[in-house]
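Engineer: pasting the sequence and the predicted model now:
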Amino acid sequence: MSPDRAAFYTPAQRRSDFALSHFGYSLAGRAALPGILGPIGALCIALAIASAASAQKRVKTPTTYGDAMRWYGKAARAGSPQAQFLLGTKYENGVGTDADPGKAVEWFRRAAEGGHALAQYRLAIALHEGSGVGRDIGEAAVWYGRAAENGIPEAAFNLAFILEKGLAGTADETGAADWYRKAADAGLGQAQFNLGVLYAEGRGVERDPVEARIRFACAQTAGQPNAAAYAQRLDGKLTPDQRAAARAAADRRCGSGGRR
């Protein structure tokens with residue numbers, strides 16, 4: 001089998017970047033002295049201003065993206081990883097300022113070093129693509145690993161692909177299988193599919209056509225292209241008992257046992 005598989009997930013495929021900006025931070029500290037607010041207070045003001053600017057609300061105090069950028073900057077320079085990450089996304093997307101991939105990477109790195117999972121993922125993507133920084137697959141793999149350990153399944157997938165293909169050096173199919181499994185178990189259909197291929201071919205794991213069939217079924221349920229065709233192809237190599245076992249297991253895992 002040699003399926004056409006996506007090389008890696010990109011930020012466009014994960015749009016939760018700004019989810020934390022909708023937690024309803026209060027603007028109560030707006031009149032306080034900036035030096036007293038600290039990084040969290042400054043971040044709260046930036047989020048509130050950005051939200052108001054987005055909604056184009058009429059308020060007495062200035063509520064512009066420029067205001068938001070200044071407060072993001074205050075919070076970021078004061079050491080808030082969340083503010084550093086959000087400031088990086090502003091520079092990356094040119095929101096409230098001119099797009100500047102280099103500055104985006106600078107703030108993503110600072111947030112990543114502070115343990116911010118999405119910043120670790122975004123920094124890895126930048127290094128992988130060479131956007132705003134020199135392309136470095138080896139360092140990208142390091143940050144994908146940290147983001148994956150912090151719960152970002154797309155990062156786990158990307159790391160698995162790098163290991164499978166040996167893009168940062170020697171291939172490690174066993175390690176790739178482990179990271180594909182983590183991403184698959186977190187719900188990524190592409191990871192289910194890629195892991196199914198490894199089980200079907202016995203690469204990085206012991207060959208197991210039943211487990212491969214289960215993974216293809218779960219990938220199909222997740223809407224993964226080509227999964228149905230690979231599942232049907234594999235069905236021709238399984239015994240009736242194996243097909244029944246695979247369908248039952250797939251139904252337990254992802255509700256797809258009835259698909260063929």
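Structural biologist: Arrived safely. Just so we're clear, the structure is a prediction, and the values are computed from it rather than from any experiment.
Engineer: going forward, measure contacts and count neighbours with C-alpha atoms only.
Structural biologist: OK.
Engineer: low-confidence stretches in the stretch 51-200 of the chain?
Structural biologist: 51-65 (pLDDT under 70).
Engineer: what helices and strands are in contact with the helix or strand where Ala76 lies?
Structural biologist: In this assignment (DSSP states H and E), Ala76 forms part of helix 65-77. Applying 3 or more CA pairs under 8 Å, 6 or more residues apart in numbering; DSSP states H and E, one finds that helix 65-77 contacts helix 34-55, helix 81-93.
Engineer: swap the cut-off to 10 Å and go again
Structural biologist: Judged by 3 or more CA pairs under 10 Å, 6 or more residues apart in numbering; DSSP states H and E, the packing partners of helix 65-77 are helix 34-55, helix 81-93, helix 101-113.
Engineer: and the second one, what's buried?
Structural biologist: Using 16 or more other CA atoms under 10 Å as the burial criterion, the residues of helix 81-93 that qualify are Pro81, Gln82, Ala83, Gln84, Phe85, Leu86, Leu87, Gly88, Thr89, Lys90, Tyr91, Glu92.
Engineer: was I right about Ala117 contacting Arg110?
Structural biologist: No - proximity of Ala117 to Arg110 does not meet the contact threshold set by CA atoms under 10 Å, at 11.7 Å.
Engineer: those two: which is more packed in?
Structural biologist: Each of Ala117 and Arg110 has its neighbours counted (other CA atoms under 10 Å); Ala117 has more, 25 against 22.
Engineer: now the more buried one: closest residue in space, sequence neighbours ignored.
Structural biologist: Ala147 (4.9 Å; CA to CA, 6 or more residues apart in numbering).
Engineer: what strand or helix carries that neighbour?
Structural biologist: Using DSSP H and E, Ala147 maps to helix 137-149.
Engineer: counting contacts, what elements does the next helix or strand after that helix pack onto?
Structural biologist: The C-terminal neighbour of helix 137-149 among helices and strands, as given by DSSP H and E, is helix 153-165. Where contact means 3+ CA pairs under 10 Å, 6+ apart, helix 153-165 is packed against helix 117-129, helix 137-149, helix 173-185, helix 189-201.
Engineer: okay if I get the ones you listed as TSV plus distance to Ala250?
Structural biologist: Compiled in TSV, the helices and strands packed on helix 153-165 are given as follows (distance: least, CA to CA, whole Å):
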stretch	distance to Ala250
helix 117-129	30
helix 137-149	25
helix 173-185	12
helix 189-201	12
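Engineer: shared neighbours of Ala117 and Arg110, which are they?
Structural biologist: Common neighbours of Ala117 and Arg110 are listed as Pro81, Phe85, Leu123 (criterion: CA atoms under 10 Å, 6 or more residues apart in numbering).
Engineer: for Lys74, state which of these is nearest.
Structural biologist: Checking those against Lys74 by CA to CA gives Pro81 as the nearest, at 11.9 Å.
Engineer: ok, that closest one - contacts?
Structural biologist: Applying CA under 10 Å, 6+ apart, we find Pro81 in contact with 39-40, 75, 87, 107-117, 119.
Engineer: what about 8 Å?
Structural biologist: By CA atoms under 8 Å, 6 or more residues apart in numbering, the contact list for Pro81 reads Arg110, Ala111, Ala112, Gly114, Gly115, His116.
Engineer: which member of those residues is positioned nearest Gln192?
Structural biologist: Nearest to Gln192, judged by CA to CA, of the contacts of Pro81 is His116 at 26.4 Å.
Engineer: from memory the closest one sits against Gln82, does it?
Structural biologist: Yes - counting by CA atoms under 8 Å, His116 touches Gln82, with 7.0 Å between them.
Engineer: picking that back up, what would the buried residues of helix 81-93 look like in a markdown table with distance to Glu173?
Structural biologist: Converted to a markdown table, these look like this (distance: CA to CA, whole Å):
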| residue | distance to Glu173 |
| --- | --- |
| Pro81 | 34 |
| Gln82 | 34 |
| Ala83 | 37 |
| Gln84 | 35 |
| Phe85 | 32 |
| Leu86 | 35 |
| Leu87 | 37 |
| Gly88 | 33 |
| Thr89 | 33 |
| Lys90 | 37 |
| Tyr91 | 36 |
| Glu92 | 33 |
